[in-house]
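Participant: I'd like to go over a predicted model; first the sequence, then the structure.
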Amino acid sequence: MQQLTLPRPDDWHLHLRDEDLLATTVPASAEVFGRAVIMPNLVPPVTTVELAMAYRERILQHLPEGSDFRPLMALYLTQQTTVEIVEQAAQNDEIIGFKLYPSGATTNSAAGVTDIEALDAVFKAMAELQVPLLVHGEVTDKQIDIFDREKVFIDTKLRPLLARHPKLKLVLEHITTSDAVDFVLEQGPNVAATITPQHLLMNRNDLLVGGIRPHNYCLPILKRREHQEALQKAAVSGSPKFFLGTDSAPHGQSKKEAACGCAGCYSAPAALQLYAEFFDRMNALDKLADFASHFGADFYGYRRATEEVTLQRESWQVPATVDTAIGPMVPYWANEQLSWQLV
Ligand SMILES: NC(=O)N[C@@H](CC(=O)O)C(=O)O
Ligand SMILES: [Zn+2]
Ligand SMILES: [Zn+2]
C-alpha cells in the first residue's frame, strides 16, 4: 500500500498551552485533526465555563485561514467544582467534559483533586447529565512506586468510583498498562481509553537504556515491554473502547533537558504519521481509520468526519527542533525517520 486515505482524525487528548505558544501549537494540530479535546492544565487552571470560553477564543485566533478545526474544551475539576458548574458545562456544546487530575500527579496538577469521594455530588450530576469525566489515572502517594501508580489508581480509586456511579461516562486517558486495558474491557460501553503514540511505539528501555532520554519522558511513565504489547494489541483489536489521544504536551527544550526535566512529549508535529508508523509495523493499517477517526467520535457522540486526509508512504525525518516564540522545542521522535507523510 502506497497511499492511505482516512476520514479526518480527531485528537481526544491535546495540550495547546497558551499565549505565544498557540501560534505554534494550534496550526500544528489543525493541519491534520478536525477536532481536539483541549486540556485545561494552564496556570491558572481552566476551571469554569467562562474561562474555557475565553481560552477557546484565544485558540481560534490562531487558526490558519479557512480551517474549521474545532477545539472541544475540558474543564479542570477541583475540590471546589460544583453541581452548578456541571449543569453549565452540560448546556454548552463547546465543553466536552471535566478533567480529573489527582493533585500532584502531573504537569500543572497542583490545583487538582485531593479527595475524590468528597466530589460525589458532582460525579452524580455528571452521570445524570452524561457529562464525560476524563481521568489522569495515577495515585500520588509517595510510597507507591512510579511504575505501579496507574494500576493502584485503577484498583483503589477508579473501581470504587464506578461502583458508586455505574453510569458515569469516563475516559481513562493515556493508558500505559495491561491493567488499564483489562479494566477498560471489563467495564460497560460508558468507559473508554485514549492511547498515545509514545506508549505504542516505546517502552521504558527507550527512556533509560544507553543514557537517559528526556524527550521520551512523559506521565504516566513508559512501562515495561509486556505493558506496551498489551496496549498495542488493544489499539489494533478493533475494540471501539480504544482511540487516539496524542497527549502532545510541549515544553521548551531547556525545560526538558534539565536536572529536573518536565514530563510531556511534543508529538503534534508528526502525530498522525507516528500512529501510521505503529499501525504499519503491526500490519494493521486497515484499523487506523477506526482508531483515529471513528471510535472517539462515536464514544463522545459526535458525527463522524466526512472530510478526508491522505497519507503517502515516503520516508522523512522529524526535525531536530521546532522554533517557537518561547524558544526551541524538541519534538517527539526528533531526528528519527517515519515512513508516512501527509499529502
Ligand atoms: N503527559 C505529560 O507528561 N504531561 C502533560 C500532562 C498530562 O497529560 O499528564 C503536560 O501537560 O505536560
Ligand atoms: Zn495526564
Ligand atoms: Zn495530557
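Facilitator: Arrived safely, thanks for sending. Ligands and ions are numbered 1, 2, ... in the order given.
Participant: ok now do the residue of the stretch 1-150 of the chain found nearest ligand 2, which residues does it touch?
Facilitator: Taking CB to the ion as the measure, the stretch 1-150 of the chain has His136 as its residue closest to ligand 2, at 3.5 Å. Placement of C-beta: from N, CA and C, glycine included. By CB atoms under 8 Å, 6 or more residues apart in numbering, His136 lies in contact with Lys99, Leu100, Tyr101, Pro102, Ala105, Thr106, Ser109, Glu173, His174, Leu219, Pro220.
Participant: Identify the bridge partners of the first one.
Facilitator: This points to Lys99. Beta-bridge pairing of Lys99, defined through DSSP bridges, involves Tyr76, Leu134.
Participant: I figured it was touching Met39, is that so?
Facilitator: Yes. Applying CB atoms under 8 Å as the test, Lys99 and Met39 come out as touching, 6.3 Å apart.
Participant: Quick check: neighbours shared by those two?
Facilitator: In the contact map built from CB under 8 Å, 6+ apart, the residues linked to both Lys99 and Met39 are Ala74.
Participant: any idea how far ligand 2 is from Leu244?
Facilitator: Plainly put, Leu244 is 15 Å away from ligand 2 if you go by CB to the ion, to the nearest Å.
Participant: Provide the secondary structure category for the closest residue to that residue other than its chain neighbours.
Facilitator: In this structure, Leu244 finds its nearest non-sequential neighbour in Ala292, 4.6 Å apart by CB to CB, 6 or more residues apart in numbering. Using DSSP: H, G, I helix; E, B strand; the rest coil, the structure places Ala292 in helix.
Participant: Which pLDDT value goes with Ala292?
Facilitator: Per-residue confidence (pLDDT) for Ala292: 99.
Participant: my read: it touches Gly245, true?
Facilitator: No. Applying CB under 8 Å as the test, Ala292 and Gly245 come out as separate, 10.3 Å apart.
Participant: where along the stretch 101-250 of the chain do the strands fall?
Facilitator: Listed from the start of the chain, the stretch 101-250 of the chain has strands (DSSP state E, counting those that start in this stretch) covering 133-135, 170-172, 191-195, 242-244.
Participant: Format the ones you listed as a markdown table; extra columns: mean neighbour count.
Facilitator: As requested, these are arranged in a markdown table below (neighbours: other CB atoms under 10 Å):
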| stretch | mean neighbour count |
| --- | --- |
| strand 133-135 | 25 |
| strand 170-172 | 26 |
| strand 191-195 | 25 |
| strand 242-244 | 27 |
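Participant: can you redo the ones you listed as a markdown table with mean pLDDT?
Facilitator: Output for these, formatted as a markdown table (pLDDT from 0 to 100):
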| stretch | mean pLDDT |
| --- | --- |
| strand 133-135 | 99 |
| strand 170-172 | 99 |
| strand 191-195 | 99 |
| strand 242-244 | 99 |
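Participant: Reformat those strands as JSON lines; add distance to Asp145.
Facilitator: Supplementary listing: the strands of the stretch 101-250 of the chain in JSON lines, determined by distance: least, CB to CB, whole Å:
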{"stretch": "strand 133-135", "distance to Asp145": "20"}
{"stretch": "strand 170-172", "distance to Asp145": "19"}
{"stretch": "strand 191-195", "distance to Asp145": "22"}
{"stretch": "strand 242-244", "distance to Asp145": "25"}
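Participant: and the contacts of His136 near ligand 1, which?
Facilitator: Checked against ligand 1 using CB under 6 Å from any ligand atom, these give the following subset in range: Thr106, Leu219.
Participant: for the helix or strand hosting Glu314, packing partners?
Facilitator: In this structure, Glu314 is located in strand 308-317 according to DSSP states H and E. Other helices and strands packing on strand 308-317, by 3 or more CB pairs under 8 Å, 6 or more residues apart in numbering; DSSP states H and E, are strand 3-7, helix 271-281, strand 337-342.
Participant: out of the ones you listed, deepest packed?
Facilitator: Ranked by average neighbour count under the criterion mean count of other CB atoms under 10 Å, the helices and strands packed on strand 308-317 are headed by helix 271-281 at a mean of 22.
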